[in-house]
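Trainee: kindly generate the corresponding structure for this input.
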Amino acid sequence: MTYRDVASKSVLIWAGTAVGARMPVAMAPLALVFLVRERPGGYTLGAALAAAYVIGEIIGAPVLGMRLDPARGRRHLAVGLSGGAVGFAALGVWPGAPSGVLGVCAFVAGFMPGAVTGGLRTLLTSLVPERAVAQALSTESMLMSGVWAVSPVAVAGLALGVAPRAPLVLAAALMAASVAGLWLLPARWDEETRQGEGGASSAFRVLIRAWPVYVTGAASLTLLGLAELTLPALLEQRGIGVGWTGPMLAGMAVAAGLGAFLYGLRAWPGRLRTRSVVLMVGMSAFVALAALIPGAAGIAVALALAGTLQSGALITRNLSLREAVPPGAAAAGYSVMYAAAGAGYAATGSLAGGLLQVVAPSTAILAGVVLGLLLTALGWWGEVRVKASTAAGDTGGDAGAGLGARAEGATVARRGDA
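Mentor: Have a look, this model is predicted:
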């Protein structure tokens, strides 16, 4: 149960493929703003294009994720990544196109690879021994923290130093390269299971029963998103230079990677849902401190600690989801959770904008903390209820209990909630 179980050639290839697939996602919103910022109403148009991209992701993740077949996983992922590469390439090649055309291209760039995150995560867990699943998910979290820390710097440097279209051209090239990387990985991520005999409707029922996991997963990103989006206004309120926003957010991303590493170092006690609540409460406390502390150093430290705990909270949610759905539906489950997190983050943007019109930034962050805690409590209550009803249904032969397939997955990697 160490990181040595994750250190292999196949995981290294997976990491390169994942960076190529995920870096464009991290680059996209800011790259779209830079693409059109010199046009009339450029910043408003850039925000609209970023919104179209995110909406494409939110719709594409569940719609395409539900159709992922473990037996043809590589083919499905390749199609999605190829479509995303085309969308990014179109944005980079025709930056002067009408705004409506750019909006469609942004939507396609977000929609087509929507299920890739879930598919790649499931593929990763199939490349390691069952006992090392937590370490594999920690490794993924560390890798993605690095991607999100580097992406804004890369976008700004290319857009200002080369050309506004350059980040999107790079995004298209990276996503196309990730398609090639897929062919060095297994063609399928589950040799023994299928989506289920009940078809899409049965899979949908199974995934819906995991709703508490989606709620808690979305709560962590909603809370952190509100802190990120209101940070410039908070710094202004405290009389701190807004230029510190970037370094503080970069520090939070680095701390998230460290938190993921620490989570994978050992087996932690307690049920997964209990661990998740503890991490979320701790994260909420640090975000609240960031809203209340007057000095720049204190805010930076509080945000870094919040990021450290947030990565652990997301890993527990991924482990809980893996436990809550049959193996053949794991990729679809991850995709639905990705969509839920994206929807939560998008809603956070609207909430932040609305709150900042009527209250101080610190008050807006505290309101977000309260909302995050309420969602966490709802998710915990839902997990308890679903688990209780599943246990009762098992004795009665609940045919729809896709969660019953969990019995074969109650192995070492799922130790925490046994």
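
Trainee: drop to CA atoms for contacts and neighbour counts, all remaining ones
Mentor: Will do.

Trainee: next, give phi and psi for the residue nearest to residue 250 when sequence neighbours are not counted.
Mentor: Spatially, and ignoring its direct neighbours in sequence, residue 250 is nearest to residue 149 (5.4 Å; CA to CA, 6 or more residues apart in numbering). Phi and psi for residue 149, reported as degrees, to the nearest 10, are phi -80, psi -40.

Trainee: next, count neighbours for residue 149.
Mentor: In terms of burial, residue 149 registers 20 neighbours under the definition other CA atoms under 10 Å.

Trainee: what's it in contact with, if anything?
Mentor: By CA atoms under 8 Å, 6 or more residues apart in numbering, residue 149 lies in contact with 250, 253-254.

Trainee: now name the helix or strand holding the nearest residue to residue 187 once chain neighbours are set aside.
Mentor: Using CA to CA, 6+ apart and skipping residues adjacent in sequence, the residue nearest residue 187 is residue 74, 4.9 Å away. Secondary structure assigned from DSSP states H and E places residue 74 in helix 73-93.

Trainee: over to residue 341?
Mentor: Residue 341 is part of helix 330-358, with elements assigned from DSSP H and E.

Trainee: in that helix, what's buried?
Mentor: Judged by neighbour count using 16 or more other CA atoms under 10 Å, the buried positions of helix 330-358 are 330-346, 348-349, 351-352, 355-356.

Trainee: show me what that helix is packed up against.
Mentor: Helix 330-358 sits against helix 42-65, helix 116-126, helix 211-237, helix 296-324, helix 361-395, with contacts defined as 3 or more CA pairs under 8 Å, 6 or more residues apart in numbering; DSSP states H and E.

Trainee: tell me where the model's unsure across the protein.
Mentor: Within the chain, the stretches with pLDDT under 70 are 1, 190-203, 390-418.

Trainee: picking that back up, redo the contacts of residue 149 as JSON lines? Include secondary structure, neighbour count and distance to residue 211.
Mentor: Formatted as JSON lines, the contacts of residue 149 follow (DSSP: H, G, I helix; E, B strand; the rest coil; neighbours: other CA atoms under 10 Å; distance: CA to CA, whole Å):
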{"residue": "250", "secondary structure": "helix", "neighbour count": "19", "distance to residue 211": "31"}
{"residue": "253", "secondary structure": "helix", "neighbour count": "25", "distance to residue 211": "27"}
{"residue": "254", "secondary structure": "helix", "neighbour count": "19", "distance to residue 211": "30"}
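
Trainee: ok so, going back, contacts for the helix holding residue 74?
Mentor: 21, 68-69, 102, 105-106, 108-116, 119, 165-169, 171-173, 175-176, 178-179, 182-183, 186-189.

Trainee: filter these to the buried ones?
Mentor: By the neighbour-count criterion of 16+ other CA under 10 Å, these include these buried positions: 21, 68-69, 102, 105-106, 108-116, 119, 165-169, 171-173, 175-176, 178-179, 182, 187-189.

Trainee: before we move on, the earlier item: how far away is the residue nearest to residue 250 from residue 155?
Mentor: Applying CA to CA, to the nearest Å, one obtains 11 Å for the distance of residue 149 from residue 155.

Trainee: again with residue 171
Mentor: Residue 171 sits 10 Å away from residue 155, taking CA to CA as the criterion.

Trainee: need the residues touching each of these two.
Mentor: Both residue 171 and residue 155 are contacted by residue 27, under the criterion CA under 8 Å, 6+ apart.

Trainee: let me see the contact set for the residue minimising distance to the centre of the chain.
Mentor: With distances taken as CA atoms, centre = their mean, the residue of the chain nearest its centroid is residue 338 (5.3 Å). With contacts defined as CA under 8 Å, 6+ apart, residue 338 is in contact with 58, 61, 117-118.

Trainee: likewise for residue 386?
Mentor: With CA under 8 Å, 6+ apart as the criterion, the residues that contact residue 386 are residue 209.

Trainee: just residue 264 next, same as before
Mentor: With contacts defined as CA under 8 Å, 6+ apart, the neighbours of residue 264 are 2-3, 134-135, 138-139.

Trainee: of those residues, closest to residue 262?
Mentor: residue 138 (8.4 Å; CA to CA).

Trainee: how about the closest one: what's its closest non-neighbour residue?
Mentor: Leaving aside its sequence neighbours, residue 138 sits nearest to residue 260 (CA to CA, 6+ apart; 4.9 Å).

Trainee: just checking, the one you found touches residue 312?
Mentor: Yes: counting by CA atoms under 8 Å, residue 260 touches residue 312, with 5.7 Å between them.

Trainee: what's the neighbour count on residue 214?
Mentor: Each residue near residue 214 was counted by other CA under 10 Å, and the total is 24.

Trainee: please report how far the closest residue to it other than its chain neighbours lies from residue 62.
Mentor: Leaving aside its chain neighbours, residue 214 sits nearest to residue 337 (5.2 Å; criterion: CA to CA, 6+ apart). Distance check for residue 337 against residue 62: by CA to CA, it reads 8 Å.

Trainee: could you identify the helix or strand that succeeds the helix or strand containing residue 158?
Mentor: Secondary structure here is read from DSSP H and E; on that basis residue 158 sits in helix 133-161. Where DSSP H and E defines the elements, the next helix or strand beyond helix 133-161 is helix 166-182.

Trainee: can I get that next one in PDB, CA atoms only?
Mentor: What follows is the C-alpha trace of helix 166-182 in PDB, where atoms were taken according to Å, rounded to 0.1, in the frame of the first residue of the first chain:
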ATOM      1  CA  ALA A 166      -1.300  30.600 -29.500                       C
ATOM      2  CA  PRO A 167      -2.800  29.100 -26.300                       C
ATOM      3  CA  LEU A 168      -5.700  27.500 -28.200                       C
ATOM      4  CA  VAL A 169      -3.400  26.200 -30.900                       C
ATOM      5  CA  LEU A 170      -1.300  24.600 -28.200                       C
ATOM      6  CA  ALA A 171      -4.400  23.200 -26.500                       C
ATOM      7  CA  ALA A 172      -5.400  21.600 -29.800                       C
ATOM      8  CA  ALA A 173      -1.900  20.100 -30.300                       C
ATOM      9  CA  LEU A 174      -1.900  18.700 -26.700                       C
ATOM     10  CA  MET A 175      -5.300  17.100 -27.000                       C
ATOM     11  CA  ALA A 176      -4.400  15.500 -30.400                       C
ATOM     12  CA  ALA A 177      -1.100  14.200 -28.800                       C
ATOM     13  CA  SER A 178      -3.200  12.600 -26.000                       C
ATOM     14  CA  VAL A 179      -5.100  10.600 -28.600                       C
ATOM     15  CA  ALA A 180      -1.800   9.100 -29.800                       C
ATOM     16  CA  GLY A 181      -0.900   8.300 -26.100                       C
ATOM     17  CA  LEU A 182      -4.100   6.300 -25.800                       C
END
